[in-house]
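turn this into a model:
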Amino acid sequence: MKAGEELAPLEIAVTRTLIVAGALASRDYQDVHHDAELAREKGSPDIFMNILTTNGLVGRYVTDRFGPSAVLRRVAIRLGAPNYPGDTMVLSGTVTEVGDDGTAEVAIVGVNGIGRHVTGTVTVAVPEGAA
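Okay, the predicted model is just below:
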């Protein structure tokens, strides 16, 4: 791994099941993540993905690239355009820094049909020879 290295993109189908399952798994029972009618009453065109699901998908993206021995040290993300059912989110990443201590910082972007859903950085520790 080296600075400037780009990670292969990952396409994730944004389904109702993924949105609802992610919200339930993270104990986020806000109706905008599982009830389309109530989401519309609150001004959203449909249910949308919560930040904890996005955070998990970002973590999965990085650990899938660096392998099962990789350890996430820091995940800092910001949400933008909502992930609605029926869309696809494409995650991409670039290694921005490699430390002498076996860590790497990765800039992450996730886009969907209406814009950038997530941006941020992930610091990952990778044992020698694992990446």
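
buried stuff in the longest helix seen in the chain?
Criterion DSSP state H: the longest helix present in the chain is helix 51-66. Using 16 or more other C-beta atoms under 10 Å as the test for burial, helix 51-66 gives Thr53, Thr54, Asn55, Leu57, Val58, Gly59, Tyr61, Val62, Thr63, Arg65, Phe66. Bear in mind the C-beta positions are built from the backbone N, C-alpha and C, glycine included.

which strands and helices sit next to it?
Packing partners of helix 51-66 (3 or more C-beta pairs under 8 Å, 6 or more residues apart in numbering; DSSP states H and E): strand 6-14, helix 16-25, strand 71-79, strand 87-98, strand 103-112, strand 115-125.

how far off centre is it?
Relative to the chain's own centre, helix 51-66 is displaced by 5 Å; criterion: C-alpha atoms, centre = their mean, to the nearest Å.

put the alpha carbons of it into CSV.
Output of helix 51-66 as CSV, limited to C-alpha atoms (Å, rounded to 0.1, in the frame of the first residue of the first chain):
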residue,chain,number,x,y,z
ILE,A,51,-25.6,7.1,9.2
LEU,A,52,-24.8,4.0,11.2
THR,A,53,-25.5,1.8,8.2
THR,A,54,-23.4,4.0,6.0
ASN,A,55,-20.6,3.9,8.6
GLY,A,56,-20.7,0.1,8.6
LEU,A,57,-20.6,-0.1,4.8
VAL,A,58,-17.6,2.3,4.7
GLY,A,59,-15.9,0.1,7.3
ARG,A,60,-16.7,-3.0,5.2
TYR,A,61,-15.3,-1.4,2.1
VAL,A,62,-12.0,-0.7,3.7
THR,A,63,-11.6,-4.0,5.5
ASP,A,64,-12.6,-5.9,2.4
ARG,A,65,-9.7,-4.2,0.6
PHE,A,66,-7.1,-4.6,3.4
